[in-house]
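Enquirer: predicted model, plus sequence, below.
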Number of protein chains: 2
Amino acid sequence: MSVTSAAADPTGGRPVIPSRGSLRPLGLGEARITGGSWALRQQVNGGATLDHGRSWMDKLGWTGNFTTAKDGRGSQERRGREFSDSEVYKLMEAMSWEVGRDADRSRDHEVVELTAMLAAAQAPDGYLNTAFGQPGQRPRYSDLGSGHELYCTGHLVQAAVARTRTTGPDDLLAIARRAADQVCDTFGPDGVWGLCGHPQIEPALVELARLTGEQRYLDQAALFLQRRGHRSLPMQQFGWSYSSDDIPVREAEVLRGHAVRSLYLTSGAVDVAVETGDGELLDAVIRQFDRTVARRTYLTGGMGSRHADEAFGDDFVLPADRAYSETCAGVAAVMVAWRLLLATGEPRYGDLIERILYNVLATAISDDGTSFFYAHTLHQRTPTRDLPPDQEQLDFAGGPRAPWFEVSCCLGNLGRTLAALATYLASADERGVQLHQYADAEVRTRLVDGRRLGIRMETRYPDDGTVTVRVTESDGGPFTITMRVPHWGEGAVLVDGDQRRPAAPGTVELTRVFEVGDEFRLELPTRPRWTFPDPRIDAVRGCVAVERGPVVLCAESVDQDQGDLDLLRVDTSTEPQEVADGAVVAGYAEPPASDTWPYASVRPASGEADLGSVRLVPYHRWARRGSSTMRVWLPRDNTIT
Amino acid sequence: MSVTSAAADPTGGRPVIPSRGSLRPLGLGEARITGGSWALRQQVNGGATLDHGRSWMDKLGWTGNFTTAKDGRGSQERRGREFSDSEVYKLMEAMSWEVGRDADRSRDHEVVELTAMLAAAQAPDGYLNTAFGQPGQRPRYSDLGSGHELYCTGHLVQAAVARTRTTGPDDLLAIARRAADQVCDTFGPDGVWGLCGHPQIEPALVELARLTGEQRYLDQAALFLQRRGHRSLPMQQFGWSYSSDDIPVREAEVLRGHAVRSLYLTSGAVDVAVETGDGELLDAVIRQFDRTVARRTYLTGGMGSRHADEAFGDDFVLPADRAYSETCAGVAAVMVAWRLLLATGEPRYGDLIERILYNVLATAISDDGTSFFYAHTLHQRTPTRDLPPDQEQLDFAGGPRAPWFEVSCCLGNLGRTLAALATYLASADERGVQLHQYADAEVRTRLVDGRRLGIRMETRYPDDGTVTVRVTESDGGPFTITMRVPHWGEGAVLVDGDQRRPAAPGTVELTRVFEVGDEFRLELPTRPRWTFPDPRIDAVRGCVAVERGPVVLCAESVDQDQGDLDLLRVDTSTEPQEVADGAVVAGYAEPPASDTWPYASVRPASGEADLGSVRLVPYHRWARRGSSTMRVWLPRDNTIT
């Protein structure tokens, strides 16, 4: 193994640090979002959201479980679902990145306090899980299919990795290593042949190997990966595909089953492939993921179309009105795409990350940071309800943004992603820096040869398509600055002084000796545009969407003067018109059909009422202005009644 | 109460015997299917299907549970889900109707044998359930929300009602009465305020009241009905609507939540409304059901569009490729429609029954009667799998016809419906006889005034639209024979000797003094026809279906020489052409779109490959000729890419 031991990461925290690949990720010490909507979201996340999470987990006893575990009262008093430990760990991970981002001392103390709580609950042999193994509870590892034990350990490890990479090694790393060692002792080559129903331990162990230089963690991750796909988990209602246990990882053609499980596993597979130099495995994963993007992904970048099993549907089964598109699947898809971007340098993965950030993650969270969508419908037919601010939701997939869910994985996943968001902006290689996401931001790094390069991005993106890059630091020789041109960016231009160079979708590079103060800009076309679905997506046949840059727009009932979104049709013979924060299109109202039986042997009448202009707003803005209905896909024209 | 005590029904078994209403149902002694596909299905049902059910229930220990209950070993050895008792009861109900239909002595012995088994397991106070109340089990009635105890008792009562109405009162009736008395003692006006999460006891208690003349059973049914809708059941993931406990029955506007629960409850509500003369309640139920038919029902008559909670979706959410349309919801919708047809005389309920019979129930069961669809997709995208004939299925909603499911309610429900099918053919009133369903059949009855009328129907319906009616028995005065003209029957003609009278959709009557040997016929148009969906059904926008008489057709891959059903388009500028057992339409193949991202800013290319004729077959015939894909809704024309 070629990973290097790194006590604390000298370049600041980075969520993923592959030891090889096309691009080197930057840490929180190297990239910083300084303005715009993401800076605001980071601020709300670091304050309100993390406090909100802590307060609910205390109130519901999820943190308290560790105390009763310590006292041996676990089985009687334990509260929450069997995986609630993982929520505490994800919160700690988010807090750790937040400390790295903002050097917030009170969050630092909070992590120390929670770490002490975990230390006291950990068994002498390193095992740590409040739901198993104590008197009156089920024995350790007695329900690998659905007990989530190794999943929880994986999140513990991820929290420790984040903590160590942002603050340095402390007790949390020691706890995580003991827990990981216990896992390796139990499930190693000479141990029990087992694997977890919910993948997560796999990428976590690779990160721990990267952090500590310990080969056995990587080996154990590879072993878990190799064990999956042989139908060894217990059969249950949704089949082996639910846990990706139906087909070995390197033989599958597409992601399937429970979307979050499948995507976490894929993250781990990329990590193992990269660290072991297994090109065949990497190619297999790329093939699966690319096919998933091409056939099983919503316009928003959301993944998972089935409520019953939180799963990917078959190819092109992407219903708008029962889209599942779980927030956590968005986070997990960013994890996969970022790993593949680092491994391959392919800008299409940056496109996908951007799409998910603007249309899943930005949609998931309320402006005040204290309520969340668990799932993301693309078509709300009945008006959203108002929820009381203090009520936990049991129906986590069918309602509006809620303050808390019985299964509350979205908060921690959003928290850790937003706190570390700046690390997805840019990367470096031996030639220079690659800009993947556009925001008001500072990037300062050293290349492998020690040369320093500093960049300031200034932009109102995505409201405006111009991204200005100013060099703030530069020493020696020529650098290459690479910028991503999104796949919708046909007509983009790179403006460098008097030069205007067409920039085709993919990437555009500028290589020269940069002086401090040098400035150039990328102009991306952000006029609203029609987007048509593949005809194989039956659920949105005859519909059209409007996008503006990376932002998917929608029609929300609160903006419509008249008419019912059920009967709306839009006229695609003219282009959508740009207005502040959205677009307008011409619309018609369909006459209602029979009200006794919804199928008729005569074509519906074509008489229509002109609705004039129909206002569209960013999808991520919906459900923030009172009860409403909404649709992303708009039925079009009158030829398709 | 006006129900009359009837030890054994002198006119033979009838599933529902309202004491008032527009029409009087006929019993198995009055109506008989003599030929055609339904006669064949009845024969297979009475032999293979009932044997198959018995053999699986023995093998899995569901019958054995009653024996271990008797021995007090229930808690250790009990097998199957908490509602498995109900499957034994439904099988006994089916066997009882089968004895009434066919006077099969071996089935009669089997019911006697099973009755003895129940008698031994029943507690001295009348309580009978193998999953609760024994040492080591949960206490009786400790989980009304999801324990299904009263639901099971309801099915026990229905079995006893069927047995008594076909054979006369015996031990099964005594057992059921003791169980029902225990329920009334426990949950009566002075007892526990409770109700069952899964309705079923409500219609059962009304039938028991009708059978025995015992008012308290009717009162208890009315009380259970009244208690529902006040959110008193425990909150769970799918909300109170899951058990119709969100809104009082008489205030609701539409059926919602778990489809089978909702429809069983609606059956009970009609029964209570009819027996108590509560016109307001009846009107409320009619309003809800009619709206459900108009907005929440598949073209096949199937109900329920959500897998996660086996529930009705919102209005017009009727995805073809994830249609749930549970077999049991089909049975339950027939139960409701039959009750409403008897109460109101409205032929639209006969239309719905016919639609469900030909497109849900006929589809549910294999030709040999030993494998079943639990759910009914209208669009199979990936080829159906072959299942081993001896393997129980855990994924009851996603596969092909399977020999058995962990939740195996469909077999008993199909069994009891098919055995009693002849009773849905016709009814009587003081003027004469109404023919609701068309088949080769004999109907002989006496009117209220004692006059006898016998009819023979001869037809190849639905392959051919001509139904010939011959009078086989007639004494005294004029009779009226009424025939249903389906809503798609525009252009139908009643031919009486030289007279050809147009018969508009609804009903057509012939009133005169009939002599034995008199003959007339109804000619219904059964040319294949295009059917267009309401534009509010987003899932099938831009698609068309083909129907032929009451039969929905589909395209199945095994009939297509070339092309992929994903890319099929049909040309609706010409009419579908009739062929034996189906139709052909003209079709095109859509060119495949991009294979990297399924959304594009340019309209898909319109180049097409002519597929020539596309063969369509009855939906109920699909998945009987090897692994296949299938679609009911066909994308149409090239204007809607």
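Expert: Structure received.
Enquirer: how many other residues sit next to residue A:230?
Expert: Burial measure for residue A:230: 14 neighbouring residues, criterion other CB atoms under 10 Å in any protein chain shown. To be clear about C-beta, it is placed using only N, CA and C from the backbone, and glycine gets the same treatment.
Enquirer: just checking, it touches residue A:248?
Expert: Yes. Counting by CB atoms under 8 Å, residue A:230 does reach residue A:248; the two are 6.8 Å apart.
Enquirer: and residue A:511, which of the three is it?
Expert: Three-state call for residue A:511 (DSSP: H, G, I helix; E, B strand; the rest coil): strand.
Enquirer: not counting sequence-adjacent ones, nearest residue to it?
Expert: Of all residues not flanking residue A:511 in the chain, residue A:480 sits nearest, at 4.3 Å (CB to CB, 6 or more residues apart in numbering or on different chains).
Enquirer: does that neighbour sit in a helix, a strand or a coil?
Expert: When classified by three-state DSSP, residue A:480 comes out as strand.
Enquirer: which residues touch it?
Expert: The neighbourhood of residue A:480, defined by CB atoms under 8 Å, 6 or more residues apart in numbering or on different chains, consists of A:431, A:432, A:433, A:509, A:510, A:511.
Enquirer: 6 Å instead?
Expert: A:431, A:432, A:509, A:511 (CB atoms under 6 Å, 6 or more residues apart in numbering or on different chains).
Enquirer: can you list the low-confidence ranges for chain A?
Expert: A:1-11, A:72, A:74-75, A:396-398, A:563, A:604-607, A:638-641 (pLDDT under 70).
Enquirer: interface residues of it facing chain B?
Expert: Residues of chain A lying close to chain B (CB under 6 Å from any CB of the partner chain) are A:237, A:239, A:294, A:299, A:307-308, A:314, A:317, A:319, A:321, A:381-382, A:394-395, A:529, A:531-536, A:539, A:541-542, A:566, A:590, A:593, A:595-596, A:598-601, A:603-604, A:639-641.
Enquirer: show me those that map onto strands.
Expert: Using DSSP state E, A:529, A:531, A:532, A:533, A:599, A:600 are the members of the residues of chain A next to chain B that sit in strands.
Enquirer: any idea what sits nearest the last one, other than its immediate chain neighbours?
Expert: On the basis of CB to CB, 6+ apart, the spatially nearest residue to residue A:600 that is not a chain neighbour turns out to be residue B:532, at 5.7 Å.
Enquirer: now residue A:200: how far from residue A:155?
Expert: 6 Å (CB to CB, to the nearest Å).
Enquirer: revised request: answer the last question for residue A:636.
Expert: Going from residue A:636 to residue A:155 by CB to CB gives 45 Å.
Enquirer: same check on residue A:221?
Expert: Noted for residue A:221: a distance of 15 Å to residue A:155, by CB to CB.
Enquirer: cool, and residue A:277?
Expert: 27 Å.
Enquirer: just want to know which of the two has more residues nearby.
Expert: Shown here are residue A:277 and residue A:155; by other CB under 10 Å, residue A:155 has more neighbours (27 against 12).
Enquirer: so how far is the helix or strand where the more buried one lies off the chain centroid?
Expert: Assigned by DSSP states H and E, residue A:155 falls within helix A:149-167. In terms of CA atoms, centre = their mean, to the nearest Å, the centre of helix A:149-167 is found 17 Å from the chain centre.
Enquirer: what does stretch A:619-636 give?
Expert: Using CA atoms, centre = their mean, the offset of stretch A:619-636 from its chain centre is 22 Å.
Enquirer: and it, end to end?
Expert: 19 Å (CA to CA, to the nearest Å).
Enquirer: repeat that for stretch A:497-508.
Expert: Stretch A:497-508 has an end-to-end distance of 16 Å (CA to CA).
Enquirer: repeat that for stretch A:413-432.
Expert: Termini of stretch A:413-432 sit 31 Å apart (CA to CA).
Enquirer: pretty sure residue A:508 is touching residue A:481, no?
Expert: No. In this structure, residue A:508 is not within contact of residue A:481 by CB atoms under 6 Å, at 9.4 Å.
Enquirer: before I go, just wanted to say thanks for your time.
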